[in-house]
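Enquirer: need coordinates for the following:
(chains A and B)
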Amino acid sequence: MSSATARVRTIAKKELVEFVRDWRTIVAILVIPLLMFPILFILFPLLLASEAAELDAVAVDVVVQGENIPEELVGLLENSSIETSYEPLPVLGELSTPTHDQERLRNGSVDAILRLRTNGTVLEYAVLYLSTSEQSLEARSRTFDALSTWEQNETVRRIDAAGLDANETLDPLRWSGDIAQSDAATQGEQAGMALSLFIPLVLAVWTFSSAIQPSIDMTAGERERGTLEALLGLPCSRMELLMGKWLAVATITGAGVLLQIAGLLFAIGYLASSDLISTPSISATALLFLCLAVLLFAVMVVAFELALAMRSHSVKEAGSILGPAILIILFPALFTQVINLDGIESFWFAIPVVNVLLALRELLMNRVVYGHVAIWLVSSTIYALGAAYYAARQFKREDIVTSLS
Amino acid sequence: MPPSLLSVEGATKRFGDVVALQAIDLRINEGDIIGLVGSNGAGKTTLLRLLSGVYRPTSGRVTLDDGADVEKARQRLGVVPENTGLYARLTAWENIRYHARMHGVPDDEAWQRTLYFAQHLDMTEALGRHTKGFSRGMRQKTALLRALVHAPSVLLLDEPTAGLDVTSARTVRELVRQLGEEGGTVIYSTHQLADAQRVCNRIVIIHNGEVRADGTPEALLEQTGTQHLEEAYVSLTSDVARPRNEDDKPLSKWSSWWRALFTPKTPGGGEDE
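Expert: Numbers count the residues shown, from 1 in each chain, chains lettered A, B, ... in the order given. Below is the predicted model of the structure:
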């Protein structure tokens, strides 16, 4: 091993040791990404389900205003865990006019008010409720269910009375067979398609965001703490210093991104019981290009962040620059999600950030279009080299030895 | 005359419009224990940074005995910057070992050398401790051990006793004296003349970026016709010392305007420069 390689390795190793010894950064960059999606996809739905069950068990009070209410509807309302009370309908033009009933809803004495009025052969209705109250919303929802059931039954009755077949009249167009069988895409391809909708986004945003803290700590942090001067007096070139730090940040970021994706896949697998997302069918070539795209993206992003952080005189200054800089990734990442890959123009694959994200989407769907590959490979390499060159220039600045403190 | 280890030839260092050092000529010979004396902002740290290759001279040269550029020969230099530059999450030994590895010194050799000097500095017990809770004296000693681990030809110390208690300062001075007795070469920057007088065999007085005097303490007294070094120093640096400004960059127009917007006027009407 050459002495330059040994020095780069020594720098990277020291940075990693320092990183590992700070439990707060471990939690922020490694533990949170691993647990974020499982918590979001598993615990959150469980919590929601428990809240929904609790709400289902609640009896809601609904006042029904009107006369000559169909008996079937009365039965349906009473079978929907609704405690109904009946009142005469006030004189109104439109049934939705709140009048003094608004106050009853606001003070919680009633959860919803159903107003019914017969107008010829039509039963007119309005449901008054309070949108900021969960219980009122639930009352409204149950009332609607009852009304909907009654409407369906009444529709069938009226069609039958007219001498028609209700089933044929209401459902003249029908699917025949198993809908899943009609898709020509394999399960693996469908899985690739599903993954391509969020993996590039997660990868891009998390690569950028998880590199911020270590980049700042290893550059502006060193500058602020005054450790950089001693380091610059050592027999290593600034390029070796940059490479060592890049290696350390890339390792930390890579671990963070991998853990986040692992957490995401675990959560989806758990939720879907492997029916929705199966293993995507990706060829070895696509996988190779996928790794290459991620590598080039990481080179670019980490070098760019190290450069911006090294330009800063303090941790605070670096944070205020790199924090908003995530928008540079976020906007293209969101935009890329809606680009149609079928018949896509080649120039998209030359735009920074967008090119790698589109490449990831294509490759996850096992589409290896060599024309596109050539464009993103060349453009990404140029951008990565450009970022590395910019970072090298920042590391060669003489004023990096000084700090605000 | 002992061989020269390090030469500064007509070195000038500018930071924008500010001339931090002006045409410095200096030869550092083997066995020299040089006290680099000057007030705050005189240019001591800038000169040490030129000597360690952290700064490049705007004009002139800094070379080692074989003519090699100092930047390419840092292997032979040991540097203790003013703020020590220790990593708080590493132990003292890990800090030292990190520099040893960067110099290509095997771990066991680095350990033996560290132990030797640690005994002199009464630091053996602290080697395994994280440096986060270290006192200023402990940090300075660790930085010294770190600078000595690769047996450098020249040791550059920037204000090594600044902020130290009496005992720690004395220990550092004794180590420097011992290094001198063993034939080592040390450049010791300080603004305390008495400090330099105690340990150095050569004193370089630097003022407003210029070398005002260079010689043994006796030669300085003779040159200035004074009885004490303090008088000699005062007579050589009688012009007003400039403010320390080599690290400052002027603010951009926008930054100046923005800062002024949120800076209330001083009652006396004074304004920020």
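Enquirer: going forward, measure contacts between C-alpha atoms and count neighbours the same way
Expert: Fine.
Enquirer: any idea how far the residue lying farthest from the centre of chain A is from chain B?
Expert: Of all residues in chain A, A:Gly163 has its C-alpha farthest from the mean position, at 52.0 Å, by CA atoms, centre = their mean. Distance of A:Gly163 to chain B, given as CA to the nearest CA, to the nearest Å: 82 Å.
Enquirer: show me where pLDDT drops low in the stretch 201-350 of chain A?
Expert: A:271-279 (pLDDT under 70).
Enquirer: burial check on the residue in it that chain B sits nearest to, number of neighbours?
Expert: Closest residue of the stretch 201-350 of chain A to chain B, CA to the nearest CA: A:Thr227 (3.7 Å). By the measure other CA atoms under 10 Å in any protein chain shown, the count of residues near A:Thr227 is 21.
Enquirer: give the contact list for the closest residue to it other than its chain neighbours.
Expert: Among residues not flanking A:Thr227 along the chain, B:Gly85 sits closest, at 3.7 Å (CA to CA, 6 or more residues apart in numbering or on different chains). Taking CA atoms under 8 Å, 6 or more residues apart in numbering or on different chains, we find B:Gly85 in contact with A:Arg225, A:Gly226, A:Thr227, A:Leu228, A:Glu229, A:Ala230, B:Ala143.
Enquirer: and the second one, how many neighbours?
Expert: Neighbourhood size, A:Gly226 [other CA under 10 Å]: 23.
Enquirer: where does the stretch 51-200 of chain B get nearest to chain A, which residue?
Expert: Taking CA to the nearest CA, chain A has its nearest neighbour within the stretch 51-200 of chain B at B:Gly85, 3.7 Å off.
Enquirer: do you know the pLDDT at that residue?
Expert: Looking at B:Gly85, its pLDDT stands at 89.
Enquirer: how about the one 4 residues further on?
Expert: At B:Arg89 the predicted local confidence, pLDDT, stands at 92.
Enquirer: what does the one 5 residues further on give?
Expert: Predicted confidence (pLDDT) for B:Glu94: 96.
Enquirer: do the strand or helix carrying it and chain A meet?
Expert: In this assignment (DSSP states H and E), B:Glu94 forms part of helix B:92-102. Yes - counting by CA under 8 Å from any CA of the partner chain, chain A has neighbours in helix B:92-102: B:Tyr98, B:His99, B:Arg101, B:Met102.
Enquirer: I'd like the residues you listed laid out as JSON lines, including pLDDT and neighbour count.
Expert: Formatted as JSON lines, these follow (pLDDT from 0 to 100; neighbours: other CA atoms under 10 Å in any protein chain shown):
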{"residue": "B:Tyr98", "pLDDT": "96", "neighbour count": "21"}
{"residue": "B:His99", "pLDDT": "95", "neighbour count": "25"}
{"residue": "B:Arg101", "pLDDT": "95", "neighbour count": "19"}
{"residue": "B:Met102", "pLDDT": "94", "neighbour count": "22"}
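Enquirer: can you list those residues in JSON lines and add distance to A:Thr285?
Expert: Shown next, in JSON lines, are these (distance: CA to CA, whole Å):
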{"residue": "B:Tyr98", "distance to A:Thr285": "41"}
{"residue": "B:His99", "distance to A:Thr285": "43"}
{"residue": "B:Arg101", "distance to A:Thr285": "40"}
{"residue": "B:Met102", "distance to A:Thr285": "40"}
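Enquirer: quick revisit: can you classify the residue farthest from the centre of chain A by secondary structure?
Expert: Counting by DSSP: H, G, I helix; E, B strand; the rest coil, the backbone at A:Gly163 sits in coil.
Enquirer: tell me which residues touch residue 130, please.
Expert: Here I'm looking at chain A. Residues in contact with A:Leu130, defined by CA under 8 Å, 6+ apart, are A:Leu105, A:Arg106, A:Asp111, A:Ala112, A:Ser136, A:Leu137.
Enquirer: oops, chain B please
Expert: Contacts for B:His130 (CA under 8 Å, 6+ apart) come out as B:Ala88, B:Arg89, B:Leu90, B:Thr91, B:Ala92.
Enquirer: among those residues, who's most crowded?
Expert: Result: B:Ala92 is most packed of those (other CA under 10 Å), 28 neighbours.
Enquirer: which of the helices or strands spans residue 49?
Expert: Just so you know, I chose chain A. Per DSSP H and E: helix A:44-57 holds A:Ala49.
Enquirer: please go with chain B instead
Expert: Assigned by DSSP H and E, B:Arg49 belongs to helix B:44-51.
Enquirer: same question for that helix, mean pLDDT?
Expert: For helix B:44-51, the mean per-residue pLDDT is 92.
Enquirer: following element in sequence after it, please.
Expert: strand B:59-64.
Enquirer: name the SS class of B:Leu156, please.
Expert: strand.
Enquirer: thought it was touching B:Glu82?
Expert: No - with contacts counted by CA atoms under 8 Å, B:Leu156 stays clear of B:Glu82, the gap being 10.3 Å.
Enquirer: give me the neighbour count for A:Thr169.
Expert: By the criterion of other CA under 10 Å, A:Thr169 has 12 neighbours.
Enquirer: up against chain A, what does chain B have?
Expert: Within chain B, the positions near chain A by CA under 8 Å from any CA are B:52-55, B:71-75, B:79-81, B:83-87, B:89-90, B:98-99, B:101-104, B:247.
Enquirer: and stretch A:215-225, how far apart are its ends?
Expert: This stretch, stretch A:215-225, spans 15 Å end to end (CA to CA, to the nearest Å).
Enquirer: so which strand or helix has the nearest residue to A:Ser281 once chain neighbours are set aside?
Expert: Leaving aside its sequence neighbours, A:Ser281 sits nearest to A:Gly188 (CA to CA, 6+ apart; 4.5 Å). Here A:Gly188, judged by DSSP H and E, is contained in helix A:187-196.
Enquirer: could you say what helices and strands that helix packs with?
Expert: Applying 3 or more CA pairs under 8 Å, 6 or more residues apart in numbering or on different chains; DSSP states H and E, we find helix A:187-196 packed against helix A:354-364.
Enquirer: shouldn't A:Trp348 be in contact with A:Val356?
Expert: No - the pair A:Trp348 / A:Val356 is not scored as a contact, 9.8 Å apart, by CA under 8 Å.
Enquirer: those two: who's more crowded?
Expert: Comparing A:Trp348 with A:Val356 by other CA under 10 Å, the one with more neighbours is A:Val356, at 29 against 19.
Enquirer: what's the burial count for the residue lying closest to that one once chain neighbours are set aside?
Expert: Closest residue to A:Val356 apart from its sequence neighbours, by CA to CA, 6+ apart: A:Ala293 at 6.0 Å. By other CA under 10 Å, the residues close to A:Ala293 number 23.
Enquirer: so A:Ala293, which state does it fall into?
Expert: Under three-state DSSP, the three-state class of A:Ala293 is helix.
Enquirer: next: B:Val79.
Expert: strand.
Enquirer: check contacts around it.
Expert: B:Val79 sits next to A:Ala230, A:Gly233, B:Ser52, B:Ala147, B:Leu155, B:Leu156, B:Leu157 when contact means CA under 8 Å, 6+ apart.
Enquirer: what about the residue lying closest to it once chain neighbours are set aside, distance to B:Ile34?
Expert: In space, and not counting its chain neighbours, B:Val79 is closest to B:Leu156: 4.8 Å by CA to CA, 6+ apart. Between B:Leu156 and B:Ile34 the computed distance is 10 Å (CA to CA).
Enquirer: overlap of the contact sets of these two?
Expert: Listed as contacting both B:Leu156 and B:Ile34 by CA under 8 Å, 6+ apart are B:Val186, B:Ile187, B:Tyr188.
Enquirer: need the contact list for the first one.
Expert: Contact criterion CA under 8 Å, 6+ apart gives B:Gly31, B:Asp32, B:Ile33, B:Ile34, B:Val154, B:Leu155, B:Leu156, B:Leu157, B:Val176, B:Leu179, B:Gly180 as the residues in contact with B:Val186.
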